[in-house]
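Novice: Would you be able to build a 3D model of this:
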Amino acid sequence: MSDRTEYVPPKVWTWDKESGGRFASINRPVAGATHEKPLPVGRHPLQLYSLGTPNGQKVTILLEELLALGHAGAEYDAWLIRIGDGDQFGSGFVEANPNSKIPALVDRSGATPVRVFESGAILTYLAEKFGAFLPTEPAARAETLSWLFWQMGSAPFLGGGFGHFYAYAPTKFEYPINRYAMEAKRQLDVLDRRLAEHEFVAGSAYTIADMAIWPWYGGVVKGWLYEAAEFLDVQSYRNVLRWADQLLARPAVQRGRKVNRLTGDPADQLHERHDAGDFDTKTQDKVGGKQG
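Specialist: Sure thing, here's the model as predicted:
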């Protein structure tokens with residue numbers, strides 16, 4: 001039995017205190033800029049403003065894969081957006097993404113800059129721009145986009161639902177943890193069943209669907225997110241683990257996972273990326289500001 005007083009919602013909700021646990025300082029019920037701060041612009045055609053979270057990793061993995069294929073036009077500057085400091089509420093970032101979420105991309109390769117926000121939109125934009133990692137055959141394209149949008153619709157339950165209540169909420173409650181653990185495991189089972197029959201998520205080809213799903217669900221089964229691998233019994237999802245390891249072996253995935261990253265092993269952090277040489281350790285110390 002619990003002696004906690006049941007919460008009775010008011011007729012009209014008002015924002016009278018911080019809410020959100022670890023992320024309380026950046027949660028607010030209104031949009032728009034809080035301060036003037038233009039975005040920096042580097043020398044490459046593509047300007048990425050991001051952070052090395054799962055959503056940010058999707059885009060840097062694709063950019064590194066495009067460069068590995070020889071698409072010189074995919075060269076990019078990756079600028080660090082420190083969401084804990086409120087960088088996403090600066091005027092320049094809000095202009096690039098009125099939703100104030102990372103990642104945001106500005107394509108300056110043409111006469112007029114093109115902004116693209118929402119990670120799924122960025123992946124699709126870049127895949128179409130360079131003609132890679134998104135099939136053109138109608139059925140294969142539809143399958144790829146279906147799985148891409150599966151990730152976009154499912155991950156909020158994994159991160160904002162399970163991850164929040166299991167790892168970040170100031171107090172742990174059984175109901176939300178059980179509710180979202182059930183959904184997280186259901187999603188992992190969906191993915192596991194799919195990967196039992198196909199090498200990659202959308203079929204036989206490696207696509208932007210894999211790049212979108214891997215940072216979230218690969219991260220969970222590899223034990224990188226929420227310290228929840230044992231709790232979710234990730235070892236039972238053998239096909240997801242096989243796929244996660246297969247993608248992790250790709251050099252472009254390894255590079256993309258490092259960009260704009262602030263957590264984990266300092267050797268796996270490249271705070272900003274402006275050139276392929278930035279992945280060299282000595283350059284990383286200078287450009288990325290490695291943390292000791």
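
Novice: Would you mark the buried spots in stretch 36-53?
Specialist: By neighbour count with 16 or more other C-beta atoms under 10 Å, stretch 36-53 contains the buried residues 39, 42, 44-53. Heads up, the C-betas are built off the backbone N, CA and C, glycines and all.

Novice: Do a quick rundown of the helices in the stretch 151-292 of the chain.
Specialist: Counting by DSSP state H, counting those that start in this stretch, the stretch 151-292 of the chain has helices at residues 174-197, 208-213, 219-221, 238-248, 251-258, 281-283.

Novice: For Gly264, which of these is the nearest?
Specialist: Gly264 lies closest to helix 251-258 among the helices of the stretch 151-292 of the chain, at 9.3 Å (C-beta to C-beta).

Novice: What is the neighbour count of Trp224?
Specialist: By the criterion of other C-beta atoms under 10 Å, Trp224 has 16 neighbours.

Novice: List the residues that contact it.
Specialist: Going by C-beta atoms under 8 Å, 6 or more residues apart in numbering, Trp224 touches Gly264.

Novice: Please tell me how far it sits from Val201.
Specialist: 19 Å (C-beta to C-beta, to the nearest Å).

Novice: one step back: among the helices of the stretch 151-292 of the chain, which comes closest to Ser100?
Specialist: Nearest to Ser100, of those and by C-beta to C-beta, is helix 208-213 at 20.7 Å.

Novice: Mean confidence (pLDDT) on that closest one, please.
Specialist: Mean per-residue pLDDT for helix 208-213: 99.

Novice: same thing with stretch 27-45?
Specialist: For stretch 27-45, the mean confidence score works out to 95.

Novice: What's the end-to-end length of it?
Specialist: 32 Å (C-alpha to C-alpha, to the nearest Å).

Novice: and if you look at stretch 151-166?
Specialist: End-to-end for stretch 151-166, by C-alpha to C-alpha: 20 Å.

Novice: Tell me the buried residues in that stretch?
Specialist: Quick answer for stretch 151-166 (16+ other C-beta under 10 Å): 151-152, 154-155, 157-159, 161-166.

Novice: which other residues reach that stretch?
Specialist: Stretch 151-166 has contacts (C-beta under 8 Å, 6+ apart) with 21, 54, 118-120, 172-173, 176-177, 179-181, 183-184, 187, 209, 212-213, 216-217, 220, 225-226, 228, 231.

Novice: Weed out the non-buried ones from those residues.
Specialist: For those, buried by 16+ other C-beta under 10 Å: 54, 118-120, 177, 180-181, 184, 187, 209, 212-213, 216-217, 220, 225-226, 228.

Novice: who are the neighbours in contact with the residue nearest the centre of the chain?
Specialist: Centroid-nearest residue in the chain, with C-alpha atoms, centre = their mean: Asn55, separated by 1.1 Å. Applying C-beta under 8 Å, 6+ apart, we find Asn55 in contact with 101-103, 119, 215.

Novice: Out of the residues you listed, who's the most crowded?
Specialist: Counting by other C-beta under 10 Å, top hit in the contacts of Asn55: Ser119 with 30 neighbours.

Novice: distance of that residue from Tyr125?
Specialist: Counting by C-beta to C-beta, the gap from Ser119 to Tyr125 is 11 Å.

Novice: do the same with Gly56
Specialist: For Gly56 relative to Tyr125 (C-beta to C-beta), the value is 16 Å.

Novice: And the two? Which one has more around it.
Specialist: More crowded of Gly56 and Tyr125, by other C-beta under 10 Å: Gly56, with 26 against 16.

Novice: Strands along the stretch 101-250 of the chain, start to end?
Specialist: Taking DSSP state E, counting those that start in this stretch as the test, the strands found in the stretch 101-250 of the chain are 104-107, 114-117.

Novice: Output the below-cut-off pLDDT ranges for the stretch 101-250 of the chain.
Specialist: Counting by pLDDT under 70, the stretch 101-250 of the chain shows no low-confidence range.

Novice: Identify the residues contacting Pro29.
Specialist: Pro29 touches Trp15, counting by C-beta under 8 Å, 6+ apart.

Novice: quick one: it is in a helix?
Specialist: No - assessed by DSSP: H, G, I helix; E, B strand; the rest coil, Pro29 does not belong to a helix; its assignment is coil.

Novice: In contact with the nearest residue to Lys101 once chain neighbours are set aside, which residues?
Specialist: Spatial nearest neighbour of Lys101, chain neighbours left out: Gln88 (6.7 Å); criterion: C-beta to C-beta, 6 or more residues apart in numbering. When contacts are counted by C-beta under 8 Å, 6+ apart, Gln88 is found next to 26, 81, 94, 97, 100-102.
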